[in-house]
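Student: coords below, sequence missing:
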């Protein structure tokens, strides 16, 4: 497996760990510039859920589980969409804002991870099927 595959996986772990910390800071109200209280409830719930799902994706990737990669792709894609809504529909400020720069970064990361996913996936472990044990899996390798 090419070295860059491991680098992508490690970068994704760091990204999701960082995301979990950022969203926890938003939840606790300690991060300046976090989401305002005027955003819709559904969007607040979504961003709050990332305090759990970002670290879960990081943990699954550390364990080299394909579920972590799939969850990560869904999280980054949906985070880019949610940030797009928050920064272009709800935020009426003209021009470039810090939120819009952040949205561009999240979107680029989402596209990069989704594009790399087919090459990263073979390096990860698949879930076991019912009745299959680790000993038999090792013998096949």
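Tutor: Everything's here; your move. Predicted model, so just to flag it, every value in this text is computed and none were measured.
Student: So, low pLDDT: which residues of the chain?
Tutor: Of all residues in the chain, those with pLDDT under 70 make up the ranges 1, 31-37, 127-141.
Student: So in it, which helix runs the longest?
Tutor: In the chain, taking DSSP state H as the definition, the longest helix is helix 3-28.
Student: so what does that helix touch, helix or strand wise?
Tutor: In this structure, helix 3-28 packs against helix 41-62, helix 66-84, helix 98-120, with contacts taken as 3 or more Cβ pairs under 8 Å, 6 or more residues apart in numbering; DSSP states H and E. C-beta: built from backbone N, CA, C; applies to glycine.
Student: Run the angle between the longest one and helix 41-62 for me.
Tutor: Following axes from the mean of the first three to the mean of the last three Cα atoms, to 10 degrees, one obtains 40 degrees for the angle between helix 98-120 and helix 41-62.
Student: tell me which residues in helix 98-120 are buried?
Tutor: For helix 98-120, the neighbour count (16 or more other Cβ atoms under 10 Å) marks 99-100, 103, 106-107, 109-110, 113, 116-117, 120 as buried.
Student: ok, and for the longest helix of the chain, which residues are buried?
Tutor: Within helix 3-28, the residues that qualify as buried are 5, 8-9, 11-13, 15-17, 19-20, 22-24, 26-27, counting by 16+ other Cβ under 10 Å.
Student: distance of residue 3 from residue 10?
Tutor: Separation of residue 3 from residue 10 (Cβ to Cβ, to the nearest Å) stands at 11 Å.
Student: just to revisit the earlier point, so how far is the longest helix of the chain from its chain's centroid?
Tutor: Computed by Cα atoms, centre = their mean, to the nearest Å, the separation of helix 3-28 from the middle of its chain amounts to 7 Å.
Student: and the angle for that helix with helix 66-84?
Tutor: Counting by the same axes, to 10 degrees, helix 3-28 lies at 50 degrees to helix 66-84.
Student: Name the nearest of the buried residues of helix 98-120 relative to residue 65.
Tutor: Nearest to residue 65 among these, counting by Cβ to Cβ, is residue 120 at 11.9 Å.
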